[in-house]
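Visitor: How does the following fold in three dimensions:
(one chain, ligands or ions: 3)
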Amino acid sequence: MNDTITRETNLPSEAHGAAPRKVFVKTYGCQMNVYDSQRMADALAAEGYQPTAEIEDADLVLLNTCHIREKAAEKVYSELGRIRQLKAERAASGRETLVGVAGCVAQAEGDEILRRAPVVDLVIGPQTYHRLPQVVQKARAGEKVVETEYAIEDKFEHLPALERKAVRSRGVTAFLTVQEGCDKFCTFCVVPYTRGSEVSRPVSQLVAEAERLAEAGVREVTLLGQNVNAWHGEGPDGTEWGLGQLLFRLAEIPGLARLRYTTSHPRDMDDALIAAHRDLPSLMPYLHLPVQSGSDRILKAMNRKHTGADYLRLVDRIRAARPDIAMSGDFIVGFPGETDEDFEDTMRIIRDVTYAQAFSFKYSPRPGTPGADLPLQVAEDVKNERLQRLQALVAEQQTAFAASLVGSEIDLLIEKPGRNPGQRVGRSPWLQPVIVDEMAGEIGDIVRVRITKAGPNSLFSEPVTGDGR
Ligand code: SAH
Ligand code: SF4
Ligand code: F3S
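Guide: Ligands and ions are numbered 1, 2, ... in the order given. Sure thing, here's the model as predicted:
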């Protein structure tokens, strides 16, 4: 690696003139990819690449991809088709364009991507972004580069330096990756193969970064991990910490008014984490806790290692600790072997839990996962019908939850200007967008508002005056 660096920094293209090179990053998939895209931009900024929102202006186009379902992965290839056109047009006017594929498709498909889409110059997996500057330099020298080593410890070692470099847009909310990878091996899922096994970042790094974020004006931090509640580390007193203990520590940081975390697994919800929900006012009362199915038969086939009843008991314990908590979940319909009865069990668990929000998907067989080889794959029209019914039920619950807030007073974190002049948009504790008059407060303020109306995608509110906030 080192001699690559020395060789490449002497490349003449550095002296190309005044115009800085530009990078366009397109992000697919989960919040972890959003976070990683920001760190990639940070790594490249140090090399003189400025971010641009216009793909036509980009000297480097990076697609940060998702492999979770077939549709997500295929989207990348149609985008690469469009980029081939763009690259040709730019080349006609003498401008070079480098094209990179990052993220989970890069990890899963590696150099296969170069064969299928020759327009691609570099392929880089999610564990090696700290090497991006060198990889880009190699690609600029004309080499096709594929970098998909599992180097997660290495990445975590480099993250603090990247985070310090971060050119933050003055947002008041931020993501912080605390854990990456998954050892659960649900039989439908590619993540253990694309992100590797679970690795946690150390407490001291996370506290330092959270403090830096707070000093930069961030009011709300969302801790990220593929299995965020599998995070573990050594506390300053030498004891073993889980996510609960970490949240108690982060809650002490002045200025951080709101904490969230995602995505959690039912099997890793321990007592300390539930206690954090009970005792920490800054831990927001919203929990994304996917169950995937309500049928014990299907849960077993999915290798989830819990039953529907286990999940319901867990939700009861969490609600006992934090009665106003809003639940969110993920569901898969049409897993191989799913009968009408199994599906009705899923509908039942949704009715029993009552979700404020849920994400639902048709099962998509993924190469290399055990589920893809199972007999009794469910027909597409059956999946469609089940998905529609499930989504209608969830939409009903979501609407009812929003309507139940009308007339009540809530705390609102003001995040950005609204679409119409005079408006601002914030988030409720339950993650709903809330519109308020700009007189209510500045971006970053937490203000008391009364919900006046529930629209299809957001709530409307008016400031509550006279309480001295
Ligand atoms: N780590 C998280 C989820 C990661 S993937 C967890 O364990 O819950 C996000 C969601 O995508 C999953 O919760 C699941 O509902 C869905 N998903 C994953 N693989 C899928 C597949 N092969 N087909 C359809 N949906 C899938
Ligand atoms: Fe995928 Fe299961 Fe791991 Fe979640 S817990 S990332 S669904 S294997
Ligand atoms: Fe997709 Fe990878 Fe995230 S497969 S959901 S981008 S971990």
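
Visitor: my guess is Pro290 contacts Asp330, does it?
Guide: Yes: Pro290 lies in contact with Asp330 (CB atoms under 8 Å); the separation is 3.6 Å. Quick note: C-beta positions are derived from backbone N, CA and C, even for glycine.

Visitor: which of those two has more neighbours?
Guide: Neighbours per residue, other CB atoms under 10 Å: of Pro290 and Asp330, the larger number sits with Pro290, 20 against 14.

Visitor: mind checking how far the more buried one is from Asn303?
Guide: Distance of Pro290 to Asn303, computed by CB to CB, to the nearest Å: 14 Å.

Visitor: And for Leu206?
Guide: In terms of CB to CB, Leu206 sits 30 Å off from Asn303.

Visitor: same check, this time on Leu280
Guide: In this view, Leu280 and Asn303 are 32 Å apart by CB to CB.

Visitor: now do Ala46
Guide: For Ala46, the distance to Asn303 (CB to CB) stands at 42 Å.

Visitor: Then Ser293?
Guide: 12 Å.

Visitor: Kindly format the C-alpha coordinates of stretch 40-48 as CSV.
Guide: Output of stretch 40-48 as CSV, limited to C-alpha atoms (Å, rounded to 0.1, in the frame of the first residue of the first chain):
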residue,chain,number,x,y,z
MET,A,40,-16.4,8.7,1.6
ALA,A,41,-17.0,12.4,0.7
ASP,A,42,-14.8,13.4,3.7
ALA,A,43,-12.0,11.0,2.6
LEU,A,44,-12.1,12.5,-0.9
ALA,A,45,-12.4,16.1,0.3
ALA,A,46,-8.9,15.7,1.8
GLU,A,47,-7.8,14.8,-1.8
GLY,A,48,-9.3,17.9,-3.2
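
Visitor: Show the average pLDDT along it.
Guide: Throughout stretch 40-48, pLDDT has a mean value of 89.

Visitor: can you tell me if it touches ligand 3.
Guide: No: figure legend: stretch 40-48 not in contact with ligand 3 (CB under 6 Å from any ligand atom); closest approach 13.4 Å.

Visitor: before we move on, back to that, between Pro290 and Asp330, what contacts are shared?
Guide: Listed as contacting both Pro290 and Asp330 by CB atoms under 8 Å, 6 or more residues apart in numbering are Thr263.

Visitor: Contacts for stretch 418-437, please.
Guide: Under CB under 8 Å, 6+ apart, the answer for stretch 418-437 is 173, 220, 258, 260, 284-286, 324, 326, 328, 356-357, 401-402, 405, 410-417, 438, 440-441, 443, 447, 449, 451, 457-463.

Visitor: Show me these that map onto strands.
Guide: Residues of the contacts of stretch 418-437 located in strands (DSSP state E): 173, 220, 258, 260, 286, 326, 328, 357, 410-417, 447, 449, 451, 459-463.

Visitor: In three-state terms, label whatever residue of the stretch 151-300 of the chain ends up closest to ligand 1 for me.
Guide: With CB to the nearest ligand atom as the measure, Pro290 is the residue of the stretch 151-300 of the chain nearest to ligand 1, at 3.7 Å. Here Pro290 takes the coil state, with states given by DSSP: H, G, I helix; E, B strand; the rest coil.

Visitor: follow-up on the earlier one: between Leu206 and Asn303, tell me which one has more neighbours.
Guide: Leu206 (23 against 14).

Visitor: residue contacts, the closest residue to Thr97 other than its chain neighbours?
Guide: In space, and not counting its chain neighbours, Thr97 is closest to Lys87: 4.5 Å by CB to CB, 6 or more residues apart in numbering. Contacts for Lys87 (CB under 8 Å, 6+ apart) come out as 97, 99, 119.

Visitor: Could you name the specific helix or strand carrying Lys87?
Guide: helix 70-92 (DSSP states H and E).

Visitor: next SSE after that helix?
Guide: With DSSP H and E, the next secondary element past helix 70-92 is strand 98-102.

Visitor: Mind listing residues that contact that following strand?
Guide: With CB under 8 Å, 6+ apart, strand 98-102 has contacts from 36, 40, 59-65, 76, 80, 83, 87, 113, 117, 119-126, 129, 135-136, 139-140.

Visitor: So which of those residues belong to helices?
Guide: Among the contacts of strand 98-102, the members found in helices (DSSP state H) are 36, 40, 76, 80, 83, 87, 113, 135-136, 139-140.

Visitor: residues in contact with Val218?
Guide: Contact analysis of Val218 by CB under 8 Å, 6+ apart lists 171-174, 255-256.

Visitor: 6 Å instead?
Guide: Taking CB atoms under 6 Å, 6 or more residues apart in numbering as the contact definition, Val218 lies against 172, 174.

Visitor: And for the one 5 residues further on?
Guide: For Leu223, the contacting residues are 176, 178, 261, by CB under 6 Å, 6+ apart.

Visitor: how far away is Val406 from ligand 3?
Guide: 34 Å (CB to the nearest ligand atom, to the nearest Å).

Visitor: Around ligand 1, which positions in this protein sit nearby?
Guide: Contacts of the chain with ligand 1, taken as CB under 6 Å from any ligand atom, map to 68-69, 188-189, 191, 226-227, 263, 265, 290, 292, 330, 332, 361, 363-364, 366.

Visitor: near ligand 2, from the residues you listed?
Guide: Okay, of those touching ligand 2 (CB under 6 Å from any ligand atom), that's 189, 191, 226-227, 265.

Visitor: Helix, strand, or coil at Val146?
Guide: strand.

Visitor: how many neighbours does the residue of the stretch 301-450 of the chain found nearest ligand 3 have?
Guide: Closest to ligand 3 within the stretch 301-450 of the chain is Arg366: 9.2 Å, counting by CB to the nearest ligand atom. For Arg366, the neighbour count with other CB under 10 Å is 22.

Visitor: list the contacts for Thr177?
Guide: Counted by CB under 6 Å, 6+ apart, Thr177 has contacts 35, 224.

Visitor: Distance of it relative to Pro160?
Guide: With CB to CB as the criterion, Thr177 and Pro160 are 11 Å apart.

Visitor: cool, and Thr307?
Guide: Here Thr307 is placed at a distance of 41 Å from Pro160 (CB to CB).

Visitor: Tell me if I'm right that Val406 and Gly455 touch.
Guide: No: counting by CB atoms under 6 Å, Val406 stays clear of Gly455, with 10.7 Å between them.

Visitor: more neighbours, these two?
Guide: More crowded of Val406 and Gly455, by other CB under 10 Å: Val406, with 14 against 10.

Visitor: neighbours of the residue in the stretch 251-400 of the chain that ligand 2 sits nearest to, just the number please.
Guide: Closest residue of the stretch 251-400 of the chain to ligand 2, CB to the nearest ligand atom: His265 (5.1 Å). Neighbourhood size, His265 [other CB under 10 Å]: 20.

Visitor: so what's it up against?
Guide: Asn227.

Visitor: quick one: it from Ser404, how far?
Guide: His265 is 28 Å from Ser404, by CB to CB.

Visitor: what do you get for Tyr129?
Guide: For Tyr129 relative to Ser404 (CB to CB), the value is 43 Å.

Visitor: so who does Leu250 touch?
Guide: Contact partners of Leu250, counting by CB under 6 Å, 6+ apart, are 210, 259.
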